[in-house]
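Novice: Here you go, sequence then predicted model.
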Amino acid sequence: MQAVRSAVVVFVVLAATAACSDSSSGGGTADPPAARSSTRAPAGDPLATSPAPQGDRTAAAMQTYLKGLAAKKRFTGAALVLKHGEVLARFAAGQADEAKHIAVRPDTIFRLASVSKQFTAMLVLKQRDRGRLKIGDRICPYLVPKYVKACPKAWRSITIRQILSHTSGIPDISEMPDFFPKLPKPTTTQEIISRFANKPLDFRPGTNWKYSNSGYILAGAIVEKVAKKPYGTVLHDDITGPLGLAHTGFSSGYPPTGFAKGYLKLGTPAAPINGSQANAAGGVYSTVDDLGRWDRSFGADKVAPAATVKEAFTPLAHCPSGGCLDSPSTGYAYGWLVDKLRGHRYLYHPGLLQGYHASNAYLPDDDIAVVVLSNVQNTDVNGINRHLSTMALTGRS
């Protein structure tokens, strides 16, 4: 999920933007139906894509860059770059399953790890837009008695805004000693919450920033409570179904057949992950095509009304001096790190979870979406994403 801290590789993300930056249940039911195998969408679709013009220099430079990384075994996975709906890069390299010799394809499904938080945060906003909750509400009335028998005393003042912004002080479950040993085993949202419900807070709510997967697990539980449906069903009904994200979903077990298996490094398989453990903080799976469509749905006001989209990109909290998640950023919005790239708004989120590393970015003022998904954990997806984003902005390698 995300917090690779103190030697812990959490659900989420610690992103390293170094090496390549200037060079190279929650519940949940049915998996989505069979997905499209191309980047094209139905005629008249505002999110439809088209190939870059033949001979486009930026597209050629991106292909050369990605092929170079793959040749040096610095990239296994899939990458997509869209600018104003034109496909500048749609690239895949390496093995989705080394033992079975199954190659990664552009439509291969990957675990998103903490990139999942973008979906969970938007689901909260959509429930708010329906009048089912307020972002400033305290969390306990939504959690008692279904998820916790009684509200922990330390949680009584904590709000939905604070769990979404990582300012609640609730300790991160991924830093607990039993987190990784339990990853392969099925669980319930109630059981996960019980593991951190009575832990002392890291700080008084609203006084600091510290990444916490626990907060997003609680956010997923609140979505389930007010929507009266499992998280995976709400995700499908409110986002993936309406947007046509046919490869995207949440499963309390494993993604659909054919998903990329995770590796700690090339040749070293990671232990399996049960989706119920990743939960609403890191359990969503997707493809680069679907994530590019997801990103552009914000610019087209398809995921939510314009006012809600604006809110989704507005920081809820300021980042520490080194950036949120130790990544370049000035603020944390609704599942998005807020940064500037060459003076342009650069919104992104990394995802790191045992065997997977993901980076999804959107430059809303330029209609640029950049998605980099890898099933090899030590891949510098954030550096690759930033480099591709810079190329898309400048047209230079």
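Specialist: Done, it's in.
Novice: burial of residue 243, as a residue count?
Specialist: The number of residues packed around residue 243, counting by other C-beta atoms under 10 Å, is 18. Heads up, the C-betas are built off the backbone N, CA and C, glycines and all.
Novice: residues touching it, list them.
Specialist: Taking C-beta atoms under 8 Å, 6 or more residues apart in numbering as the definition of contact, the neighbours of residue 243 are 47, 293, 294, 297, 302, 303.
Novice: ok, so what distance separates it from residue 221?
Specialist: If you measure residue 243 against residue 221 using C-beta to C-beta, to the nearest Å, the figure is 24 Å.
Novice: Report all helices and strands that the helix or strand harbouring residue 70 contacts.
Specialist: Assigned by DSSP states H and E, residue 70 falls within helix 57-71. Applying 3 or more C-beta pairs under 8 Å, 6 or more residues apart in numbering; DSSP states H and E, we find helix 57-71 packed against strand 86-93, helix 381-394.
Novice: could these be laid out in JSON lines, adding mean neighbour count and mean pLDDT?
Specialist: Listed next are these as JSON lines, based on neighbours: other C-beta atoms under 10 Å; pLDDT from 0 to 100:
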{"stretch": "strand 86-93", "mean neighbour count": "22", "mean pLDDT": "98"}
{"stretch": "helix 381-394", "mean neighbour count": "24", "mean pLDDT": "98"}
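Novice: Can you say which of these is nearest to residue 319?
Specialist: helix 381-394 (14.9 Å; C-beta to C-beta).
Novice: possible to save the helices and strands packed on helix 57-71 as a markdown table with distance to residue 251?
Specialist: Output for the helices and strands packed on helix 57-71, formatted as a markdown table (distance: least, C-beta to C-beta, whole Å):
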| stretch | distance to residue 251 |
| --- | --- |
| strand 86-93 | 23 |
| helix 381-394 | 23 |
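Novice: Please name whichever of these is nearest to residue 278.
Specialist: The minimum distance between residue 278 and those falls on helix 381-394, with 17.6 Å, by C-beta to C-beta.
Novice: For residue 179, give its distance to residue 316.
Specialist: Spatial separation of residue 179 from residue 316 under the definition C-beta to C-beta is 25 Å.
Novice: Which residue ranges of the stretch 151-300 of the chain form strands?
Specialist: Secondary structure of the stretch 151-300 of the chain, counting by DSSP state E, counting those that start in this stretch: strands at 249-250, 263-265, 268-269, 284-286.
Novice: right, so these: which one is the most enclosed?
Specialist: Neighbour counts averaged per stretch over these are highest for strand 249-250, at a mean of 30; criterion: mean count of other C-beta atoms under 10 Å.
Novice: which strands and helices sit next to that one?
Specialist: Contact partners of strand 249-250 among helices and strands, from 3+ C-beta pairs under 8 Å, 6+ apart: helix 231-235, strand 284-286.
Novice: can you rerun that using 10 Å?
Specialist: In this structure, strand 249-250 packs against helix 116-129, helix 231-235, helix 275-282, strand 284-286, with contacts taken as 3 or more C-beta pairs under 10 Å, 6 or more residues apart in numbering; DSSP states H and E.
Novice: could you dump the ones you listed to a markdown table with mean pLDDT and distance to residue 334?
Specialist: Formatted as a markdown table, the entries for the helices and strands packed on strand 249-250 read as follows, by pLDDT from 0 to 100; distance: least, C-beta to C-beta, whole Å:
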| stretch | mean pLDDT | distance to residue 334 |
| --- | --- | --- |
| helix 116-129 | 98 | 4 |
| helix 231-235 | 98 | 15 |
| helix 275-282 | 97 | 13 |
| strand 284-286 | 98 | 15 |
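Novice: would you turn these into CSV with distance to residue 59?
Specialist: Converted to CSV, the helices and strands packed on strand 249-250 look like this (distance: least, C-beta to C-beta, whole Å):
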stretch, distance to residue 59
helix 116-129, 26
helix 231-235, 32
helix 275-282, 32
strand 284-286, 23
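Novice: do you know which of these lies nearest residue 375?
Specialist: Once the helices and strands packed on strand 249-250 are compared by C-beta to C-beta, strand 284-286 is nearest, at 11.3 Å.
Novice: Quick one, grab the pLDDT at the spatially most central residue of the chain.
Specialist: By C-alpha atoms, centre = their mean, the chain has its centre lying nearest to residue 115, at 0.7 Å. At residue 115, the predicted lDDT confidence score is 98.
Novice: Flag the shaky bits of this protein, pLDDT-wise.
Specialist: Confidence mapping of the chain against pLDDT under 70 gives the ranges 1-43.
Novice: List the buried residues in stretch 344-352.
Specialist: Neighbour counts using 16 or more other C-beta atoms under 10 Å place 344, 346, 347, 348, 349, 350, 351, 352 of stretch 344-352 among the buried residues.
Novice: Quickly note the distance from residue 149 to residue 194.
Specialist: Distance, residue 149 to residue 194, by C-beta to C-beta: 9 Å.
Novice: same deal with residue 286?
Specialist: According to C-beta to C-beta, residue 286 and residue 194 sit 29 Å apart.
Novice: What are the boundaries of the helices in the protein?
Specialist: Per DSSP state H, the chain carries helices over the ranges 57-71, 116-129, 140-143, 160-165, 179-182, 189-194, 213-227, 231-235, 241-243, 275-282, 288-299, 306-312, 381-394.
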